[in-house]
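**Student:** Let me see the structure of the following:
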Amino acid sequence: MLIKEAENFLPKKDGGMAYNFNKIEKSWQKKWQDDKIFSVSIDSQKPKFYVLDMFPYPSGAGLHVGHPLGYIASDIYSRYKRLKGFNVLHPMGYDAFGLPAEQYAIQTGQHPAKTTEKNISRYREQMDQLGFSFDWDREVRTCDPKYYHWTQWMFLELFEHWFNEETHKAEPISGLVSLLEKEGNKNLKASCNPKTPQVSAENWNAMEENERLEFLQSYRLAYQDETFVNWCPKLGTVLANDEVKDGLSVRGGHPVEQKKMKQWLLRVSAYAQRLLDGLEKIEWSDSIKEIQRNWIGRSEGATVHFSIKDREEKLEIFTTRPDTLFGVSFMVLAPEHEWVGQITTEAQKSEVENYILQTKKKTERDRISDVKNVSGAFTGAVCIHPFTGEEIPVWIGD
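**Tutor:** As a prediction, this is how the structure comes out:
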């Protein structure tokens, strides 16, 4: 009925009538919003289907072409599944919490809550104009306390649990403490730091409270440890790999270096097999599944020790192909390995230090992905092949 009204068309120079999209589109978009036609409720009579898009960071510039490029494809599929009788959950949200909002606030002197709200309103307006079938009643904002209340809850749950390799699930840390009190950790099958010392029940019970807390760090699913991070002195914060390009911060262009700092980490490796098993139940393409398997990175192999000549230290290496060990002709340590400074000879000290300085400017991702440009520095040390007794040069490389 609406499109029959003459006011919904505009006269053309040739005497015809043109579609008045400004009026008609706004009218129908308002009706869709008022009627909440894309809102979904629980319906056990229909098969469920979940379509999740990447949540955009709401910058002041508004949507860029990359956003609708992906959203259009998922929206088409959502509509198709609805027509096929599925109860489709298709939400949208905003990755609105973190460094970009903080830096913008510092630069402009505006409170991030105000600028973020303004930017979100702009994004919502643009997405509504594109006519996406999102269920806005289920909108997610990562800066909303109602949202990060649950991420904090999740962290606390991880902190208070350990992974029992016998039951293949997380269990309360209090249960682990009970086991340590009774029998120590000699027969304990748990995901933990491989350097965790063996303790008896007597050892555990004799520990001070702070020693026990430190010991449990080796088992908790959320724990503190020192690890190398992308540190930006100018911004005064740690950056993700995506926030660093060519050794500089994407925001501001400030120098970034690899620095060892105490961080909160998650023992995700404990779930490697469960992640792999669950992957088989997901309807993804084989190529995507293979990428995920490589990312999970679970592998089986052997641990081998190479003694360093004239020193007590032994280099521990892991290999999935122990049959290739006889072909080993040199050893490579990461530039940040704790023994580099100890084993490097005086003659090689300057070269090694310069090399370490250069690698500090690269992110871990850059070092992994740049496979065409192989580089390194000889430490002057040699290690002994455990099978042949040959002397093998020890290098550092990125």
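**Student:** Now the element after the host helix or strand of Thr227, going C-ward?
**Tutor:** Here Thr227, judged by DSSP states H and E, is contained in strand 222-232. Downstream of strand 222-232, the first helix or strand assigned by DSSP H and E is strand 237-239.
**Student:** Which residues does whichever helix or strand comes after that next one contact?
**Tutor:** For strand 237-239, the following helix or strand on the C-terminal side (DSSP H and E) is strand 244-245. Contacts with strand 244-245, where a contact means CB atoms under 8 Å, 6 or more residues apart in numbering, come from 230, 250, 256, 363. For glycine as for every other residue, the C-beta is placed from the backbone atoms N, C-alpha and C.
**Student:** For the second one, report the pLDDT, please.
**Tutor:** Translated: Val250. Val250 carries a pLDDT value of 84.
**Student:** do the same with the third one
**Tutor:** According to the model's per-residue confidence, Val256 sits at a pLDDT of 90.
**Student:** Report how many residues lie close to it.
**Tutor:** Counted with other CB atoms under 10 Å, the neighbours of Val256 add up to 27.
**Student:** Check the second one too.
**Tutor:** Using other CB under 10 Å, Val250 is surrounded by 16 other residues.
**Student:** Chain neighbours aside, what residue packs nearest to it?
**Tutor:** Spatial nearest neighbour of Val250, excluding adjacent residues (CB to CB, 6 or more residues apart in numbering): Glu243 at 5.2 Å.
**Student:** for that neighbour, what are its contacts?
**Tutor:** Here Glu243 is in contact with 99, 230, 249-251 (CB under 8 Å, 6+ apart).
**Student:** Just give me the closest of those to Gly70.
**Tutor:** Nearest to Gly70 among the contacts of Glu243: Val250, at 20.8 Å, using CB to CB.
**Student:** what about that closest one, distance to Ile120?
**Tutor:** 22 Å (CB to CB, to the nearest Å).
**Student:** Could you single out the nearest of the contacts of strand 244-245 to Leu275?
**Tutor:** For the contacts of strand 244-245, the nearest to Leu275 is Thr363 (24.4 Å; CB to CB).
**Student:** Distance-wise, check Ser78 relative to Cys192.
**Tutor:** On the measure of CB to CB, Ser78 and Cys192 end up 43 Å apart.
**Student:** Out of those two, name the residue with the larger neighbour count.
**Tutor:** Taking neighbours as other CB under 10 Å, Ser78 and Cys192 compare with Ser78 leading, 24 against 21.
**Student:** shouldn't the more buried one be in contact with His90?
**Tutor:** Yes - using CB atoms under 8 Å, Ser78 makes contact with His90 at a distance of 4.4 Å.
**Student:** Now do the shared contacts for these two.
**Tutor:** Listed as contacting both Ser78 and His90 by CB under 8 Å, 6+ apart are 51, 133.
**Student:** burial count for Gly85?
**Tutor:** When neighbours are counted by other CB under 10 Å, Gly85 registers 11.
**Student:** what about the nearest residue to it once chain neighbours are set aside, helix or strand, and which?
**Tutor:** Leaving out its chain neighbours, the residue that sits closest to Gly85 by CB to CB, 6+ apart is Lys46, at 6.2 Å. Assigned by DSSP H and E, Lys46 belongs to no helix or strand.
**Student:** Now do the same contact list for Lys46.
**Tutor:** By CB under 8 Å, 6+ apart, the residues touching Lys46 are 85-87.
**Student:** can you put those residues in TSV and add distance to His385?
**Tutor:** TSV is the format used below for the contacts of Lys46 (distance: CB to CB, whole Å):
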residue	distance to His385
Gly85	65
Phe86	60
Asn87	62
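**Student:** Closest one of those to Gly389?
**Tutor:** Nearest to Gly389, judged by CB to CB, of those is Phe86 at 65.9 Å.
**Student:** Tell me how far the residue nearest to the closest one when sequence neighbours are not counted lies from Lys289.
**Tutor:** If you skip the residues right next to it in sequence, Phe86 has Phe49 as its closest partner in space, 4.1 Å away by CB to CB, 6+ apart. As judged by CB to CB, Phe49 and Lys289 stand 19 Å apart.
**Student:** Assess the claim that Ala190 and Arg220 are in contact.
**Tutor:** No - assessed by CB under 8 Å, Ala190 is found out of contact with Arg220, at 10.6 Å.
**Student:** Residues that sit against both of these two, list them.
**Tutor:** Common neighbours of Ala190 and Arg220, using CB under 8 Å, 6+ apart, are Trp162.
**Student:** Between the two, tell me which one has more neighbours.
**Tutor:** Per other CB under 10 Å, whichever of Ala190 and Arg220 has more neighbours is Arg220, with 21 against 17.
**Student:** Now Cys265, what are its backbone angles?
**Tutor:** If you look again at residue 265, you'll see it is Leu, not Cys. The phi/psi pair for Leu265 (degrees, to the nearest 10) reads phi -120, psi 160.
**Student:** in the sheet, who's paired with it?
**Tutor:** Tyr223 (DSSP bridges).
**Student:** OK, contacts around it?
**Tutor:** Each residue near Leu265 by CB under 8 Å, 6+ apart is listed here: 222-225, 227.
**Student:** What about the residues you listed, which one has the most neighbours?
**Tutor:** Greatest neighbour count in the contacts of Leu265, by other CB under 10 Å, goes to Tyr223: 19 neighbours.
**Student:** wait, that one sits on Phe215?
**Tutor:** No - the criterion here is CB under 8 Å, and Tyr223 misses it with Phe215 at 11.1 Å.
**Student:** For Phe163, pull up the helix or strand it's in.
**Tutor:** strand 161-164.
**Student:** Mind listing the strands the helix or strand that comes right after that strand pairs with, and their directions?
**Tutor:** Sequence order places strand 169-172 as the next helix or strand after strand 161-164, per DSSP H and E. Strand 169-172 pairs in its sheet with strand 161-164 (antiparallel), by DSSP bridges.
**Student:** what's the average pLDDT for the partner strand?
**Tutor:** 97.
**Student:** what do you get for stretch 77-84?
**Tutor:** Averaging pLDDT along stretch 77-84 gives 97.
**Student:** residues in contact with it?
**Tutor:** Defining contact as CB under 8 Å, 6+ apart, one finds that stretch 77-84 is touched by 49, 51, 88, 90, 133.
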